[in-house]
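Enquirer: Here's a sequence, model it:
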Amino acid sequence: MADEVQEFDVVIIGGGPGGYAAALYGAAAGLHIAMIERDKVGGTCLHRGCVPAKEFLETAHVRRTIEHAGAFGFAVEGLNTDFAVSQRRKGEVVDKLHKGLSGLLKGRKVTIFEGTGRLEADRTVRVVDGTDAGVVCRGRDVILAAGSVPRTLPGFDLDGTFVLTSDEFLDLSSLPASAVVIGGGAIGCEFASMLADMGTTVTILEGLPTILAGCDSEVVNVIQRVFKKRGIEVRTGVNVTGHTPVAGATTTAVHVEGGDDVEVEAVILAVGRRPRSEGLLGEGTGVEVNDRGFVVADPVMRTANPHVYAIGDIVANTPQLAHVGFAEAIVAIKSILGEPATPVDYDRVPWAIYSNPEVAFCGLTEAAAKERGYEVVVKKDPFGGNSRAQIIGETDGVVKIIAEKRPDGSAGQILGVHMAGPWVTEQLGAGYYAVNWEATAEEAAGLIQPHPSLSETFGETLLALAGRGLHIG
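Expert: Below is the predicted model:
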């Protein structure tokens, strides 16, 4: 009934990775949980982000495999791509995961309200629209997990024809023959890589001096070199000012300040995401929001209101990664339960970029370590000498490990692990543990890697870092 206040232990606004993780974790601890979701549980990550994008990247991987089948003795002629089939498959994968998540939430007796939640005074949350509009609930504690939406740029209004964000791109049933990707970060490089593998002519336009800002320079060099080899044009340090549809054509001209226009069939905006904080807070909530619209939270995810927490993409100065939202959810619930909660160390979270080649890293880059005053020892090993990489025919890539230099010049604590190459997103686990457990190079080098495996490159780099590499100095 509208305006009748329903009481819960925790009310969560948002059902994306952070929100549903908090709901499942809290319910497992016996808390009475309500979750308010404006669209579908799973959020952007499941429906319009991580999962759909990786399904399309896997489509591109399958096509690459078929195209290179001749090297393995298979004759393949007349390869045709029906992207609508991949789109349907994406829908099937997403639907299956959505049903599984919905079943988990139901099984743990999480109450789900459909609509947009707004926090008001006294930890009261009102559903302002949607199926359950008018519902009012109150939690002893509230968690804000409203997520984010794609950013846009002046001069690039979303028109449903030429200009797309990740949301529209992931709904395409056919791919353009040519495209500009504005933004050379993780999302932009993933989209550019997938499109190029599927036969689209791609140009990346990036305003910063380099693509993949924040990655180690060795990794960036690998990606730039391979992208160039694959025909992806990368233009950095550029300012795009708008676009003009070409009369009588199905293309538009993207204007680059001081440079030549780029004429393409599609413009994909990959310039980051902004918090979905508009309308989230009513009067008297006691929650602080910064000038960019992000909610300010302390290390245990508590806002300026001690009974309101914030997690996920909406939180200021944190990486917008689904798995970070998972971790923050656990920290928030443990804090609510009064249990010891170890804050997320954002310097040491794992990053994964599913371009071709893939990128994965954890910890400090070489440049960042030096900026913080560390003297470092660095070792790197390319995948070209790895037997498994040669077997699968994917030898572009490198593993680079940064460690603190001891007074005697040897390598001490591992500060960062950085990878580019085949399936490195699945190989980072050992590096993540090494960095987060503050292992020394010698300690980590003592662990055995299976042979032949891609992970041997990580093991070989550790051995070299510890002073006695088998194949590298």
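
Enquirer: For residue 96, see how far away residue 169 is.
Expert: Separation of residue 169 from residue 96 (C-beta to C-beta, to the nearest Å) stands at 22 Å. In this view, the C-beta of every residue, glycine as well, is placed from N, C-alpha and C.

Enquirer: who's more crowded, the two?
Expert: Counted by other C-beta atoms under 10 Å, residue 169 and residue 96 do not tie: residue 169 has more neighbours, with 25 against 10.

Enquirer: Which residue lies closest in space to the more buried one, excluding its sequence neighbours?
Expert: residue 268 (5.5 Å; C-beta to C-beta, 6 or more residues apart in numbering).

Enquirer: Tell me the bridge partners for the one you found.
Expert: Bridge pairing for residue 268 (DSSP bridges) gives the partners residue 164, residue 181.

Enquirer: count of residues packed around it?
Expert: Neighbour tally, residue 268, other C-beta under 10 Å: 26.

Enquirer: do residue 229 as well
Expert: By other C-beta under 10 Å, neighbour count at residue 229 equals 9.

Enquirer: quick one: pLDDT of it?
Expert: What the model reports as pLDDT for residue 229 is 96.

Enquirer: Same check on the one 5 residues further on?
Expert: The score at residue 234 is 97. That number is its pLDDT.

Enquirer: Tell me what it is bridged to.
Expert: Going by DSSP bridges, residue 234 forms beta bridges with residue 204.

Enquirer: May I ask which helix or strand encompasses residue 469?
Expert: Using DSSP states H and E, residue 469 falls within no helix or strand.

Enquirer: so who does the nearest residue to it once chain neighbours are set aside touch?
Expert: Spatial nearest neighbour of residue 469, chain neighbours left out: residue 463 (4.7 Å); criterion: C-beta to C-beta, 6+ apart. Neighbouring residues of residue 463 by C-beta atoms under 8 Å, 6 or more residues apart in numbering: 445, 469-470.

Enquirer: Domain-wise, how is the chain divided?
Expert: 5-150+275-346, 163-271, 357-466 (automatic domain parsing).

Enquirer: what distance separates the shortest one from the centre of its chain?
Expert: In this case it means domain 163-271. 18 Å (C-alpha atoms, centre = their mean, to the nearest Å).

Enquirer: For it, measure first residue to last.
Expert: End-to-end span of domain 163-271 (C-alpha to C-alpha, to the nearest Å): 13 Å.

Enquirer: circling back: closest to residue 66 out of the contacts of residue 463?
Expert: residue 470 (35.5 Å; C-beta to C-beta).

Enquirer: before we move on, the earlier item: most neighbours, which of the contacts of residue 463?
Expert: Neighbour counts for these (other C-beta under 10 Å) peak at residue 445, which has 23 neighbours.

Enquirer: Quick one: residues contacting it.
Expert: 459, 462-463, 465-466.

Enquirer: One more pass at 6 Å, please.
Expert: 462-463, 466 (C-beta atoms under 6 Å, 6 or more residues apart in numbering).

Enquirer: what about the residue nearest to residue 43 when sequence neighbours are not counted, neighbour count?
Expert: Closest residue to residue 43 apart from its sequence neighbours, by C-beta to C-beta, 6+ apart: residue 16 at 2.3 Å. As a burial measure, residue 16 scores 29 neighbours (other C-beta under 10 Å).

Enquirer: Also the one 3 residues further on?
Expert: A count of neighbours around residue 19, defined by other C-beta under 10 Å, yields 27.

Enquirer: what's downstream of whatever helix or strand it lives in, the next helix or strand?
Expert: Per DSSP H and E: residue 19 is located in helix 17-28. Counting by DSSP H and E, the next helix or strand C-terminal to helix 17-28 is strand 33-37.

Enquirer: Each with direction, which strands does that following strand pair with?
Expert: strand 5-13 (parallel), strand 111-114 (parallel).

Enquirer: Quick check on the nearest residue to residue 449 once chain neighbours are set aside: phi, psi?
Expert: In space, and not counting its chain neighbours, residue 449 is closest to residue 459: 3.5 Å by C-beta to C-beta, 6+ apart. Main-chain torsions, residue 459, degrees, to the nearest 10: phi -60, psi -40.

Enquirer: Quick check, pLDDT for the closest residue to residue 394 other than its chain neighbours.
Expert: Closest residue in space to residue 394, ignoring its immediate chain neighbours: residue 422 at 3.9 Å, by C-beta to C-beta, 6+ apart. Listed pLDDT for residue 422 reads 97.

Enquirer: just checking, residue 394 touches residue 421?
Expert: No - Residue 394 sits out of contact with residue 421 when judged by C-beta atoms under 6 Å, with a separation of 7.3 Å.

Enquirer: Who has more neighbours out of the two?
Expert: Applying other C-beta under 10 Å to residue 394 and residue 421 shows that residue 421 carries more neighbours, namely 26 against 20.

Enquirer: give me the beta-bridge partners of the more buried one?
Expert: residue 358.

Enquirer: which ones are touching it?
Expert: Under the criterion of C-beta under 6 Å, 6+ apart, the neighbours of residue 421 are 357, 383, 397.

Enquirer: Phi first, then psi, for the residue nearest to residue 43.
Expert: phi -80, psi -160.
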